[in-house]
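Enquirer: quick check, what structure comes out for this input:
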Amino acid sequence: MMNKTMITLMLALWSLAVSAQRPQRFHKQLPAGNYSGIAALGNGHYALVSDKSETDGFFVVRMEIDTVKGRITSLENEGYRSSGLPNRDMEAICYRPSTNTVFIAGEKDNEVYEYQLDGQRTGRRLEMPETFKQADHNYGIESLTYDAHSHLFYVTSEHILKGDSLLRIQTFGDDLLPRQEYLYRADKPISSKHIFGVSELCALDDGRLLVLERQIRVPRMKIGASTTIRIYETKPLDEMFLQKNLVKEFRTRINLVSRRFANYEGLCEPFPGWLLLVADSQNRLKGYLRDWFLLIADQKE
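Expert: Numbers count the residues shown, from 1 in each chain. Next up, the predicted model:
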């Protein structure tokens, strides 16, 4: 006879297996996009950034999530909140509850600005160190998250910065000034044909920091294209060098019977015990790609 612990474990593994195999799309509710970041705003609301939007800003959507089935049951698009300023390749977004504002990282200018929920900038931004400002615009600031418990922002670039051998993860306080810097060893590319890098950070309520790494291979004929997605956890403490532990790994691909290829770039914690990912479809490129959402159960050490 199974005990309660075994039943709980089996249910958790079942939820993870089901959700990992069943990404979801909401093409009637959301326009085709380049969704590169997502943040939970509370009360079922989420902010989404699309790095090719016409102007600088973000979408707000409302989602209903069934944690028993591990599914998003509905998504309502509440519109785009524009700052009225030019697009700056928005790659990541986070929410700070104490000010009811969001912060958006742009790869074009390698800056992180603060916005009201109507989309207008507040005039404040993170005081970014020069090392990040000088990052390559194609592989610059890609990831951003906020830890409401430690009152810290975490920022990193997609690739290591020029002259470095490890990835820098920079923290900022509520005063928006730089604090501690951590060093993180990202995975090496599977092959010379793979596009690779860190696409998101996610601070969890329990103090862990998740790092989303992804590698992409796209053959000339597109059929056979694949992604390898790895989510690692770290525990930022007083040591500069971060140790990482693999939480989840999975692959997506395009073949003759499947079009579930997904370049997952956004990651957030909708509520404790669950992770929500969003993919950049390059505006549903040539009808092959989809704006996928994926809900998975969190696996602790």
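Enquirer: spatially, what comes nearest to R284 if we skip its sequence neighbours?
Expert: Spatial nearest neighbour of R284, chain neighbours left out: A32 (4.3 Å); criterion: CB to CB, 6 or more residues apart in numbering. C-beta coordinates here come from the backbone N, C-alpha and C atoms, glycine included.
Enquirer: these two touch, right, the one you found and S281?
Expert: Yes: between A32 and S281 there is a contact under CB atoms under 8 Å: 6.8 Å.
Enquirer: now the most centrally placed residue in the chain: which helix or strand?
Expert: Nearest to the geometric centre of the chain sits G266, at 2.4 Å (CA atoms, centre = their mean). Here G266 is covered by strand 264-268, with elements defined by DSSP states H and E.
Enquirer: for the next helix or strand after that strand, packing partners?
Expert: Using DSSP H and E, the next helix or strand after strand 264-268 towards the C-terminus is strand 274-279. Contacts defined by 3 or more CB pairs under 8 Å, 6 or more residues apart in numbering; DSSP states H and E place strand 274-279 against strand 35-42, strand 264-268, strand 292-297.
Enquirer: most tightly packed of those strands?
Expert: Scoring the helices and strands packed on strand 274-279 by mean neighbour count under mean count of other CB atoms under 10 Å gives strand 264-268 as the most buried, with a mean of 25.
Enquirer: and the angle for that strand with strand 292-297?
Expert: On the basis of axes from the mean of the first three to the mean of the last three CA atoms, to 10 degrees, strand 264-268 is oriented at 50 degrees to strand 292-297.
Enquirer: from the chain's centroid, how far away is strand 264-268?
Expert: How far strand 264-268 lies from its chain's middle: 2 Å, per CA atoms, centre = their mean, to the nearest Å.
Enquirer: and the helices in the protein?
Expert: Here the chain has its helices, by DSSP state H, at 4-21, 130-133.
Enquirer: quick revisit: contact partners for the residue nearest to R284?
Expert: The contact partners of A32, by CB atoms under 8 Å, 6 or more residues apart in numbering, come to 281, 283-284, 291.
Enquirer: equivalent analysis for H137, please.
Expert: 89, 107-108, 110.
Enquirer: point out where the stretch 201-301 of the chain drops to low pLDDT.
Expert: Scanning the stretch 201-301 of the chain for pLDDT under 70 picks out the ranges 221-222, 256-258, 300-301.
Enquirer: hmm, try it at 80
Expert: 219-224, 255-259, 286-288, 299-301 (pLDDT under 80).
Enquirer: related to what we said a few turns ago, in contact with the residue nearest to the centre of the chain, which residues?
Expert: Taking CB under 8 Å, 6+ apart, one finds 35-38, 48-49, 92, 199-200, 277-279 in contact with G266.
Enquirer: state which strand of the chain is the longest.
Expert: The longest strand of the chain (DSSP state E) is strand 71-86.
Enquirer: so what strands line up beside it?
Expert: strand 55-66 (antiparallel) (DSSP bridges).
Enquirer: the closest residue in space to S281 that isn't next to it in sequence: neighbouring residues, count only.
Expert: Of all residues not flanking S281 in the chain, L289 sits nearest, at 4.0 Å (CB to CB, 6+ apart). L289: 22 surrounding residues under other CB atoms under 10 Å.
Enquirer: again, but for P129
Expert: Neighbour number of P129 under other CB under 10 Å is 15.
Enquirer: what of Q243?
Expert: When counting by other CB under 10 Å, one arrives at 12 neighbours for Q243.
Enquirer: angles on the backbone of it, please.
Expert: phi -90, psi 140 (degrees, to the nearest 10).
Enquirer: and D66, how far from T73?
Expert: Applying CB to CB, to the nearest Å, the value for D66 to T73 is 5 Å.
Enquirer: likewise D205?
Expert: Taken as CB to CB, the span from D205 to T73 is 23 Å.
Enquirer: count residues in the vicinity of T131, would you?
Expert: T131, neighbours per other CB under 10 Å, totals 16.
Enquirer: do you know how far the closest residue to it other than its chain neighbours is from E181?
Expert: Using CB to CB, 6+ apart and skipping the chain neighbours, the partner closest in space to T131 is L161 (5.6 Å). L161 is 11 Å from E181, where distance means CB to CB.
Enquirer: neighbour count winner among those two?
Expert: Taking other CB under 10 Å, L161 and E181 do not tie; L161 has more neighbours (18 against 12).
Enquirer: got a pLDDT number for that one?
Expert: pLDDT, L161: 93.
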